[in-house]
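In: Pasting the sequence and the predicted coordinates here, then a few questions.
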Amino acid sequence: MHVVATAGHVDHGKSALLRALTGTDPDRLAEEQRRGMTTDLGFVRTRLDFEDGQDDVAFVDVPGHERFVPTMLAGVGQVPAVVLVVAADGGWMPQTGEHVDALAALGVRRGLLVLSRADLADRAQRDRVLARAARELEGTGLEGLVRVEASAVTGEGLPALRTALARVLAAAPRPDPTAPVRLWVDRSFTVRGAGTVVTGTLAAGTVTAGDELALPDGTRVRVRGLQTLDTPVAVAAGPARVALNLRGVAAGAVRRGTALSTPGTTTTTTSADVRLLPVPGRGDGDGAGGEDRWPEHLVLHLGTATVPVRVRPLGGRHARLSLASPLPLRTGDRGLVRDPGGHRVLAAALVLDPVPPSLSRRGAARERAAVLAGLSGASAVGGDPAGELDRRGQVTGSQLHALGLRREAVEALAAAPGVLADGDHLLSPALADALRGRLAGEVAAHLREHPLEPGPPVEVVRRRLGLASAGLVAALVRSPATAGTPVASAGGARPPLAVREGRLVAGGAPAGPALPPAVERAVAQVLADLSREPYAAPEAHRLRDLGLGSRELAAAVRAGALERVAEGVYLAAGAVQAAPSVLAAHLEDASAVFTASEARRALATTRRVVVPLLELLDRRGATRRHPDGTRALIPPR
């Protein structure tokens, strides 16, 4: 199938021409037929002869009156080709010009220039109108439209029109059938017994009965059935006129301007950075009056949507648009901005970023304009995953996919050299390089402020570095440039970093106890006491008098000076490992069973110490507890 829209001034015979071509009146409404003037979109079809056989051609007939320009723009927003109609007896008219401006701004380049009502003009008049049309189309990108003279009344030129249109459509590139779907709705209604039905022009991608699509607010709907050209089908690929019967949504929730998309492939936003391009063939002189001088309030037309916007110039031809209502956008989307009061198209609008950063600093707008000015070619239409990641620093693969990037390209980016990944989170090589120095500095600062801790919690580092996930901190630490970076602390240089027990710590063995002098002196006194009675763990009051709280004791354990047996029970390092040997020396037979009281006497300690000590030895496999409460030593392997 192929899809074509009409364009041209009111009462120049667009609908009559389609009626003669297809045998069907595109004016659906009784009021349209009574007044003889199109006021809404009309849809008709025919079959044309192509070199490889016949194929369907669907037409979207648009109104020509200036009051219905938004409706006209909704009709042409997704079509690849146009039939521009100029009446031979009327000539070039104001709405012809505005329609051409709109087509040029939207990037439509293929189609026909049809001189309609040819039976009402002589040769000289026809030539004058065609010459004027050629001048008006110069530089618009539409100067290559194939010219046909026709009459819906006499039938003159209709065979030539059909042949010319088939040739133009055959030469047009076919859209990607595997592309994500985004169907801009142009009609929505309820069918008794079926429910909500929407129609639109499917520009690319494929819709299948049973597919799940997403509304801009994220609501998922199911395609119960679909039709093309009033015929039920199981599958439809763009370009095509389609009607979808939806499950899971009321008709009032979907209207013209709503888009149905493959889930996760668009970004619903109320703000977008755009490049405002001159209307081809009109230049700056017929637009806003120059760069940085745009009316504050305009209307954005994109797809079938019409949304008032507030324009904030950034510099050059770049601006931030604040949308009155959210739209599902992708990088590279093309629409236009129009001054409704002045009845003119001011510029084409190329979406560069539907998720723009805030502009709160002085000079941020100019800096942003410089970034946007560097986007061109593939990067400006969402075809540069690496470039998008570099510009954003960190982003999720899902966010890149929602900008319009293909999923396979995003997956390949996650494995690219220098890119750090944690699940869906991605960190650019440039930002990773910048954070490595900061990472070491943050750890060093934490060790200076908290010398009793082995290192900062990973979550603290994540927040300080502004990273999206703790896994990115770990990925940054594992990356080669960080793995070999030593960190200075109060205790001297430490080995490279590692993540251990939720903290960022020195990756190797410490060079020595990194304890403050006062803590080191207090621990030395504890060790002196334990050297005389190894299992007489100091009481709580003794530790308190020495200034050893839980943080100081934990630091001493990490430094390898003390060993924690249980809460409030600390022995010298190595005492727990030596306990089985001490017990064996006091038993008549190393295989004999013993009680906790016997162990207490053998170790010269208290029940407060011996009970948790024996439980620790059980867990380590040095002793075995019997059901009667006695224990036996387990010979070392």
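Out: Received the coordinates, thanks. Small disclaimer: the values here were computed from a predicted structure and weren't measured.
In: Report the residue ranges of every domain in this protein.
Out: Here the domain parsing of the chain from automatic domain parsing is 2-171, 182-261, 267-382, 390-396+406-514, 517-633.
In: Would you single out the least confident of those?
Out: Between the domains of the chain, the lowest average pLDDT goes to domain 390-396+406-514, which shows a mean of 79.
In: now T201, which residues is it bridged with?
Out: T201 forms beta bridges with W184, R241, as assigned by DSSP bridges.
In: List the contacts of it.
Out: Contacts of T201 were listed using C-beta atoms under 8 Å, 6 or more residues apart in numbering, and they are 3, 60, 78-79, 183-184, 186, 239-242. Just so you know, the C-beta spots here come from the backbone N, C-alpha and C atoms, and that holds for glycine as well.
In: Kindly present those as JSON lines, with separate columns for distance to V505 and neighbour count.
Out: Shown next, in JSON lines, are the contacts of T201 (distance: C-beta to C-beta, whole Å; neighbours: other C-beta atoms under 10 Å):
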{"residue": "V3", "distance to V505": "63", "neighbour count": "23"}
{"residue": "V60", "distance to V505": "66", "neighbour count": "26"}
{"residue": "Q78", "distance to V505": "57", "neighbour count": "23"}
{"residue": "V79", "distance to V505": "62", "neighbour count": "26"}
{"residue": "L183", "distance to V505": "54", "neighbour count": "28"}
{"residue": "W184", "distance to V505": "54", "neighbour count": "23"}
{"residue": "D186", "distance to V505": "61", "neighbour count": "25"}
{"residue": "P239", "distance to V505": "59", "neighbour count": "23"}
{"residue": "A240", "distance to V505": "60", "neighbour count": "23"}
{"residue": "R241", "distance to V505": "63", "neighbour count": "27"}
{"residue": "V242", "distance to V505": "59", "neighbour count": "24"}
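In: Out of those, flag the one nearest to S325.
Out: S325 lies nearest to W184 out of these, by C-beta to C-beta, at 14.5 Å.
In: who are the neighbours in contact with the closest one?
Out: 74, 77-78, 200-201, 257-259, 303-305.
In: tell me the SS of the residue lying closest to A474 once chain neighbours are set aside?
Out: In this structure, A474 finds its nearest non-sequential neighbour in V499, 4.9 Å apart by C-beta to C-beta, 6 or more residues apart in numbering. Judged by DSSP: H, G, I helix; E, B strand; the rest coil, the three-state class of V499 is strand.
In: what's V499 in contact with, if anything?
Out: Residues in contact with V499, defined by C-beta under 8 Å, 6+ apart, are 458, 473-474, 477, 505.
In: Could you rerun that using 10 Å?
Out: Counting by C-beta atoms under 10 Å, 6 or more residues apart in numbering, V499 touches 455, 458, 461, 470-471, 473-478, 505, 507.
In: For the residues you listed, give me CSV that also has neighbour count and secondary structure.
Out: Listed next are the contacts of V499 as CSV, based on neighbours: other C-beta atoms under 10 Å; DSSP: H, G, I helix; E, B strand; the rest coil:
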residue, neighbour count, secondary structure
G455, 27, coil
V458, 21, helix
V461, 26, helix
A470, 18, helix
G471, 17, helix
V473, 27, helix
A474, 18, helix
A475, 21, helix
L476, 27, helix
V477, 21, helix
R478, 13, helix
V505, 22, strand
G507, 18, coil
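In: Can I get these in JSON lines including distance to V191?
Out: As requested, the contacts of V499 are exported to JSON lines (distance: C-beta to C-beta, whole Å):
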{"residue": "G455", "distance to V191": "65"}
{"residue": "V458", "distance to V191": "56"}
{"residue": "V461", "distance to V191": "58"}
{"residue": "A470", "distance to V191": "51"}
{"residue": "G471", "distance to V191": "49"}
{"residue": "V473", "distance to V191": "55"}
{"residue": "A474", "distance to V191": "55"}
{"residue": "A475", "distance to V191": "53"}
{"residue": "L476", "distance to V191": "56"}
{"residue": "V477", "distance to V191": "59"}
{"residue": "R478", "distance to V191": "58"}
{"residue": "V505", "distance to V191": "66"}
{"residue": "G507", "distance to V191": "67"}
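In: quick one: contacts for A555?
Out: With the criterion set at C-beta under 10 Å, 6+ apart, A555 makes contact with 450-454, 513-516, 519-520, 523, 548, 561-562.
In: In helices, which of these fall?
Out: 519-520, 523 (DSSP state H).
In: before we move on, back to that, so which of the contacts of T201 is the closest to P357?
Out: W184 (27.6 Å).
In: Whichever of the contacts of A555 end up buried, select them in PyMOL.
Out: Applying 16 or more other C-beta atoms under 10 Å to these, the buried members can be selected in PyMOL as follows:
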select buried, resi 452+453+454+513+514+515+519+520+523+548+561+562
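In: before we move on, back to that, just the closest of the contacts of T201 to D27, please.
Out: V60 (13.0 Å).
In: For the closest one, give the beta-bridge partners.
Out: Bridge pairing for V60 - DSSP bridges - gives A5, F43.
In: Surely it and H2 touch.
Out: No. The pair V60 / H2 is not scored as a contact, 11.6 Å apart, by C-beta atoms under 10 Å.
In: shared neighbours, the two?
Out: With C-beta under 10 Å, 6+ apart as the test, V60 and H2 both reach 79, 241.
In: Distance of the residue nearest to A474 relative to H425?
Out: 16 Å (C-beta to C-beta, to the nearest Å).
In: what number of residues lie near V10?
Out: A count of nearby residues for V10, using other C-beta atoms under 10 Å, gives 18.
In: Distance of it relative to V79?
Out: 20 Å.
In: So which residue is dead centre in the protein?
Out: Q399 (2.0 Å; C-alpha atoms, centre = their mean).
In: give me phi/psi at that residue?
Out: phi -70, psi -40 (degrees, to the nearest 10).
In: What's the separation between it and D424?
Out: Applying C-beta to C-beta to Q399 and D424 gives a distance of 9 Å.
In: repeat for P454
Out: For P454, the distance to D424 - C-beta to C-beta - is 30 Å.
In: Next, the contact list for the residue nearest to D618 when sequence neighbours are not counted, please.
Out: Leaving out its chain neighbours, the residue that sits closest to D618 by C-beta to C-beta, 6+ apart is R625, at 5.4 Å. Residues in contact with R625 (C-beta under 10 Å, 6+ apart) are 596, 614-615, 617-618, 631-632.
In: TSV for those, including distance to S322 and secondary structure?
Out: Shown next, in TSV, are those (distance: C-beta to C-beta, whole Å; DSSP: H, G, I helix; E, B strand; the rest coil):
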residue	distance to S322	secondary structure
A596	75	helix
L614	71	helix
E615	65	helix
L617	69	helix
D618	68	helix
R631	75	strand
A632	78	strand
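In: Can you get me a residue count around G53?
Out: G53 - counted by other C-beta under 10 Å - has 7 other residues nearby.
In: Neighbours of V557, how many?
Out: V557 sits with 14 neighbouring residues when counted by other C-beta under 10 Å.
In: switch to numbering from 281
Out: With 281 as the first residue, the last one maps to V837.
In: residue contacts, it?
Out: Contacts of V837 by C-beta under 10 Å, 6+ apart are 843-844, 850, 853.
In: three-state assignment of it?
Out: Assigned by three-state DSSP, the conformation of V837 is helix.
In: Now G684. Nearest residue, chain neighbours left out?
Out: Nearest to G684 is R610, by C-beta to C-beta, 6+ apart, at 3.2 Å.
In: circling back to that earlier point, bridged to the residue nearest to D898, which residues?
Out: Bridge pairing for R905 - DSSP bridges - gives R911.
In: Equivalent analysis for A627, please.
Out: According to DSSP bridges, beta-bridge pairing links A627 with V617.
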